[in-house]
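1. could you look at this predicted model? Sequence included:
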Amino acid sequence: MKIETKKVTFDEPLYCESGRILQPFEVVYETYGKLNEDKSNVIVITHALSGSHHAAGFYEGERKPGWWDNFIGDGKAVDTTKYFVICMNNIGSCFGSTSPLSSHPLTNTPYRFRFPVLTISDIVKAQIRVLKSLDINNVKAVIGGSMGGMQALCYAIEYPDFAEHIIALATTAYTRPWAIAFNKVVTEAIRNDPEFKDGYYDPQDIKENGLKGLAVGRMAGHISYLSPHSMDEKFGRRYVDQDGLYELFGRFEVERYMEYNGYNFPHRFDPLSYLYIVKTMNIFNASRGSDTLAQSLDKIKSKLHLISFSGDLLFKPEEMVEIYDTMCEIGKKDIVTHKMIDSDYGHDAFLVEVDKFEDYVKDILGNKI
């Protein structure tokens, strides 16, 4: 599989929904496969909160592949022998695109809190700019899960002639209080960590030493990505062998797992980016600019495919059923499908249990659905 990683800089301003402007701005993106002559084989992959442009394959010397490597590649569900796949790092993220730690053009110091609060629409607008710079004006499909699914819905509503298929997994039309509450725990944990230094920390210090506030917040957030059943299956009530049962801070295996994921996370993810991204997710509402969800969805022309997971506690299946039902009510039943995957894994099933929906996606891309 051919992999290329590039960065593009735009001097023209990006006008944000908030009224703020980003100028200039940069987007890092990665491509897989080969673009055909008439550019009809393009698939856009949109990533979730902690994802990046590195969706598949291995970098040289890397032990871990891209975050959706079980889904994208030669002969896989998104077959890179057929399709030219592009995944762009969201602006606001910390993997190379313009973010809160990027240099402000007027001061040559990091934006930090001068960075604008972004919406999903702003992120997609920047992605459209990248695609048009490559002379790509239409795509075969846009595919994304969770926050990536929000972006996929945004493509469907705001760029109705852009994609033949929109495939949104494990997502929602608007973020509910349950998800906002989990994000609040992360936000408060970060802000109240003295080492956060009110946002004026040294990024290198965080990379080297971590940030306990982000680690603890990530542990709380990680609970929402799993399910009680998947935790039972993975950990049971097993206790760490080296820890005494009657030691106050002795740990169950699930506690060690949370520590491992929580305390490693700040070494690779910037806390200011995290704060900005969860704000973007919190304010997401597919009805923004319209009176009702139906009015927004009525703009859709692409075939919209919704894939939910029965054990998802973060964005519950009924949230996607609402989108499906609304599409049917407004006379668009012929261009919408909904498939609920039987899964006890939790929200992250869209990343882990690809075997349960890969054939379905192949059929969509093969225009069989």
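-> Now that the structure is in, tell me what you want to look at. Numbers count the residues shown, from 1 in each chain.

2. mind showing which ranges of the protein have poor pLDDT?
-> Within the chain, no stretch has pLDDT under 70.

3. per the record, what domains does it have?
-> Taking automatic domain parsing as the reference, the chain has its domains at 3-175+286-365, 179-280.

4. will you turn those into TSV that also has mean neighbour count?
-> C-beta coordinates here come from the backbone N, C-alpha and C atoms, glycine included. As requested, the domains of the chain are exported to TSV (neighbours: other Cβ atoms under 10 Å):
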stretch	mean neighbour count
domain 3-175+286-365	19
domain 179-280	17
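
5. now S308: which helix or strand?
-> Using DSSP states H and E, S308 sits in strand 303-309.

6. and the contacts of the helix or strand that that strand is followed by?
-> Per DSSP H and E, the first helix or strand lying C-terminal to strand 303-309 is helix 317-329. Residues outside helix 317-329 that contact it (Cβ atoms under 8 Å, 6 or more residues apart in numbering): 153, 168, 171-173, 176, 286, 293-294, 297, 300, 304, 306-310, 333, 335-338, 340.

7. one more pass at 6 Å, please.
-> The contact list for helix 317-329 (Cβ atoms under 6 Å, 6 or more residues apart in numbering) reads 172-173, 293-294, 297, 306, 308, 336, 338, 340.

8. ok, of the residues you listed, which one's closest to V278?
-> T172 (14.4 Å; Cβ to Cβ).

9. measure stretch 135-143 end to end?
-> Using Cα to Cα, to the nearest Å, one end of stretch 135-143 lies 20 Å from the other.

10. what of stretch 277-295?
-> Using Cα to Cα, one end of stretch 277-295 lies 26 Å from the other.

11. chain center to it: distance?
-> Computed by Cα atoms, centre = their mean, to the nearest Å, the chain-centroid distance of stretch 277-295 equals 16 Å.

12. which residues are contacting it?
-> Stretch 277-295 has contacts (Cβ under 6 Å, 6+ apart) with 49, 92, 117-118, 120, 147, 150, 153, 173-175, 180, 183, 296, 326, 330.

13. picking up where we left off before, check which helices and strands the strand holding S308 is in contact with.
-> Contact analysis of strand 303-309 by 3 or more Cβ pairs under 6 Å, 6 or more residues apart in numbering; DSSP states H and E lists strand 163-169, helix 317-329, strand 336-341 as its packing neighbours.

14. direction included, what does that strand pair against?
-> In the sheet, strand 303-309 lines up against strand 163-169 (parallel), strand 336-341 (parallel) (DSSP bridges).
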